[in-house]
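[1] Need the 3D shape of this:
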Amino acid sequence: MFSLSNTVLSSNLRNFTSESALLLFGNCGDDGKLGSWCSSELVIRKKRMCERFVRSVVRISCKHSAVRALVHSDFPNVKTSEKKAAYRFMMETGGHLIAIVHKKANDRYGIQVEVECLEGTDQLQELVMVWGMFRADSNSLLSHGSKELSSTGCTETPLVLNSAGRFSAELIFKENLAPFYVSILLKSQLGSTSSTIRSHRDTSFVVPIGFGSGSPYPLGVSFLDDGSVNLAFYSGNVDRVFLCLYADEKADKPSIEIDLDSYVNRTGDVWHALMYDSTPFLKYGYRCRGVSDSHDHNVLLDPYSKFTHDSRAGFLGKSLGRVYKEPPFDWSGEIRPNLLMEKLIIYRLNVTRFTKDGSSNLPINVSGSFLGISEKVQHFIDLNVNAILLEPIFPFDAKKGAYFPCHFFSPSNLFAASNDPNDATTSLKEMVKKLHANGIEVLLEVVFTHASEGGASRETDESSHYQIKGGEDMKLTNTLNCNDPVIMEMILQSLRYWVTEFHVDGFCFMNASAMLEGTHGETLSRPPLIEAISFDPLLSKVKLIVDFWGPRSMEIKETLFPHWKRWAEMNSKFCTDVRKFLKGECPLSNFATRLCGSGDLFLAGRGPAFSFNYITRNVGLSLVDLVSFSSIDSESSEFSWNCGEEGPSRNSIVLETRLKQIRNFLFILFLSLGVPVLNMGDECGESASGSLLSSERQPLNWNAMKSSFSVQIRQFISFLSLLKARRSDLLQRNRFLEEERIEWRGSQQSPPNWDDPSSKFLAMILKAKNRQTSGLENHGGDLFIGFNSGNQTEKVVIPQPAPGSEWFRLVDTGLPFPGFFAMDGVPLDPQKVTYEVKLHTCVLFEARRSSVA
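    Numbers count the residues shown, from 1 in each chain. Below you'll find the model as predicted:
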């Protein structure tokens, strides 16, 4: 902990007179009180200037207190060598004051001050430098015990005219006092007239000691080769920014707080500082004040921080950045899968709930973490999925959940296996590398449309960073204005960081409709953010998916998305129409559209590979609940059917129907054109007792994987995954099937009654491009698929296969396990021209080369 003294400053001087300068300082002690320095810690001596470094400044309007040297530069604030930094100030009388800060060999800092081009130099009787030291607060004065104090408590040091005809002096400070500022005014005596010389903005001259101006780019924390650390923070609508540094991991109050000077430490709307030695400090944050704002604000997390200090138990409301240099990660040997979009088979999961349950048989620190996923890679291999979609992994507001992030540049420590600041980052990279080694891609759900309350954007420039809605009474919403240039750039930098540093393969953007909106919530025809991502040389090459579900409304807000032929969509219409069909309420025309890749949504410039199909998701009913509950508040939107009895049942007919419906949902999901998205827990019968809330979902019970239900469902999913990949010519396509390659049939061999709500049966024949067998038996020929959602058996006539081939039954969801599916298939008796499709049953036949051909 940095503490300058145990002596409490007895007075707070606030006025600035023509005869003296008010020099300000704030405490850094453990007790938060003001401190003082002993005269033994300070050496003042005069020295002739030997070197000069100069810089240019431009004038801006500023209403800060006149006690500070507030100048603004559009150029680098200093010129530096290995041990020197130089600052040049314009004076109100003309001429310049030059201050050169240098590190001395005896653990001291020196500041050489030189005044050049001062009018009337030859007539001056005396030129005195009135100076003092401050760090944190411009309303408090440090008393350092010097004998050369003025009446206001400031130190007065005469400047000496050197051989070059310029006034100069040098101040020496112990290194352990840094960081702090030295504030300087000049007091001249010309004849009987005494006057105070300020900067050309009528302010004092402020010089940093022990730290430097820094650079406005890159934002966040960056480590330089010489061991120094640059900190840069955007704040567009504040007058003052305080850099808060913490030396104690558990401290609530900063050890050091620096009131950043708007001349030395500001470029445009970016505040920046260069810490020569960051070793004592573990955490950092910023406090901001507006022009007319005098009250203290919360210490804010740097939006660009790559490491955050938040509890593994979740975000507790005060998260800070870490001053931590990430060690290099060994990506050698990694082979990124780079799967085509149409080849994806996705498993959506929650990182914590996936392995948190004790049944995962993982160590306590590993369960619920990224390492837990790494340990369960075999589960994905067994299901034959080749991509996982992680629910949001950013640090988040624990009261609202993971879909309310507080930060965009780091994984939450909630998913780390230890409290090491690098553990979450390293274990995520190890997870990605291991999954890639097994041919599995990693996709992230991300939320950029809103953030938790109290974030940096809210306190720095909320009027432009957040949407404003309403008529005459305009109200600020909690929706981030994604198309504001500053927010847009932050989102782009975040996405690039996750791709380059963590090697993620794509993103699913939640609440995507809000990403199309402008400042007042209006829908933009060409939203800048979407266009920028679409044509970014890096981001345009990863998987880009949008999901219109909103975590605040808990609803899906469908909208026409400007896709630029790059964006896929979570297809909620697929979910709705398939549920309604199996419930017996969907027109055959709608159902057929979903089977063929949703051409109504993806025909213009895209294709079926851009349709991410799902039956269930992490909110709403799980797959088991979907067939077990009907009497729920949102039945109309869930389109669930309890199969004859509400909730748990022992009725064998009800249970048999539920099992067939679960098989049917999975069958349709994989046999439809598009990318299938499975939801965690559906493979083992996870139930939330009919609750629609994600918070009601329990951690995955790995013991349930051993149940007979889970065994057959997991084997069925694996079978469907392999089938979809094997018959990619018909089931994994980036283009829609030609109309002549699809033949439709309805009940009793008649054409389908497309718009008749009483029609419950549909059959389709998918014709292989070369209907003559290719010579490789496992390639197969045509597919005959039947769907019966009715309460009666349908007799269908199986068409004649291509010459030299015969039909093999691959799936009949109405048969008992294990015979309801078979990769090798069961040959159909050639003499049998009809096949009975039982009630609530789906069937699949494949034409293959005849064994007697």
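[2] Poorly predicted segments of the stretch 751-853 of the chain, please.
    Applying pLDDT under 70 to the stretch 751-853 of the chain picks out residues 771-779, 852-853.
[3] 80 - rerun?
    Low-confidence segments of the stretch 751-853 of the chain (pLDDT under 80): 770-780, 851-853.
[4] next one: the stretch 101-250 of the chain
    Within the stretch 101-250 of the chain, the stretches with pLDDT under 80 are 117-125, 136-153, 164-165, 189-193, 237.
[5] For it, which segments count as strands?
    Under the criterion DSSP state E, counting those that start in this stretch, strands of the stretch 101-250 of the chain are mapped to 108-116, 126-134, 155-158, 160-161, 167-174, 180-190, 193-197, 205-209, 211-212, 220-223, 229-234, 240-246.
[6] can you check the stretch 751-853 of the chain too?
    Going by DSSP E, counting those that start in this stretch, the stretch 751-853 of the chain shows strands at 761-766, 783-788, 794-797, 805-812, 821-827, 834-837, 841-849.
[7] Repeat that for the stretch 501-650 of the chain.
    Using DSSP E, counting those that start in this stretch, strands in the stretch 501-650 of the chain cover 506-509, 543-546, 549-550, 555-556, 567-571, 611-614.
[8] Any chance of those strands in TSV with mean pLDDT as columns?
    Shown next, in TSV, are the strands of the stretch 501-650 of the chain (pLDDT from 0 to 100):
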stretch	mean pLDDT
strand 506-509	98
strand 543-546	98
strand 549-550	92
strand 555-556	88
strand 567-571	98
strand 611-614	98
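[9] Which one of the ones you listed lies nearest to E686?
    Nearest of these to E686, taken as CB to CB: strand 611-614 at 15.2 Å. C-beta here means a position set from N, CA and C on the backbone, and glycine is covered the same way.
[10] Name the residues that touch the closest one?
    Strand 611-614 has contacts (CB atoms under 8 Å, 6 or more residues apart in numbering) with 346, 348, 545, 568-571, 574-575, 594, 597-598, 601-602, 669, 672-679.
[11] redo that, cut-off 7 Å
    Under the contact criterion CB atoms under 7 Å, 6 or more residues apart in numbering, strand 611-614 has outside partners 545, 568-571, 574-575, 597-598, 601-602, 669, 672, 674-677, 679.
[12] Direction included, what does it pair up with?
    Strand pairing for strand 611-614, determined by DSSP bridges: strand 567-571 (parallel), strand 675-679 (parallel).
[13] Now render the ones you listed as TSV, adding distance to D261.
    Below are the strands paired with strand 611-614 laid out as TSV (distance: least, CB to CB, whole Å):
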stretch	distance to D261
strand 567-571	45
strand 675-679	53
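[14] What I need now is these written out in a markdown table, including mean neighbour count for each item.
    A markdown table is the format used below for these (neighbours: other CB atoms under 10 Å):
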| stretch | mean neighbour count |
| --- | --- |
| strand 567-571 | 24 |
| strand 675-679 | 25 |
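[15] Minimum distance to F784: which of the ones you listed has it?
    Nearest of the strands paired with strand 611-614 (CB to CB): strand 675-679, 20.7 Å.
[16] Let's see the helix or strand following the closest one as PDB, backbone CA atoms only.
    Counting by DSSP states H and E, the element after strand 675-679 in chain order, helix or strand, is helix 708-726. Extracted in PDB, the C-alpha atoms of helix 708-726 (Å, rounded to 0.1, in the frame of the first residue of the first chain):
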ATOM      1  CA  SER A 708     -32.200 -46.400 -21.000                       C
ATOM      2  CA  PHE A 709     -33.900 -43.300 -22.300                       C
ATOM      3  CA  SER A 710     -30.600 -41.400 -22.600                       C
ATOM      4  CA  VAL A 711     -28.800 -44.400 -24.100                       C
ATOM      5  CA  GLN A 712     -31.300 -44.700 -27.000                       C
ATOM      6  CA  ILE A 713     -31.600 -40.900 -27.600                       C
ATOM      7  CA  ARG A 714     -27.900 -40.400 -27.600                       C
ATOM      8  CA  GLN A 715     -27.400 -43.300 -30.000                       C
ATOM      9  CA  PHE A 716     -30.200 -41.900 -32.200                       C
ATOM     10  CA  ILE A 717     -28.600 -38.500 -32.300                       C
ATOM     11  CA  SER A 718     -25.300 -40.000 -33.200                       C
ATOM     12  CA  PHE A 719     -27.000 -42.000 -36.000                       C
ATOM     13  CA  LEU A 720     -28.700 -38.900 -37.400                       C
ATOM     14  CA  SER A 721     -25.500 -36.900 -37.300                       C
ATOM     15  CA  LEU A 722     -23.700 -39.600 -39.300                       C
ATOM     16  CA  LEU A 723     -26.600 -40.000 -41.700                       C
ATOM     17  CA  LYS A 724     -26.800 -36.300 -42.400                       C
ATOM     18  CA  ALA A 725     -23.000 -36.200 -43.100                       C
ATOM     19  CA  ARG A 726     -23.200 -39.400 -45.300                       C
END
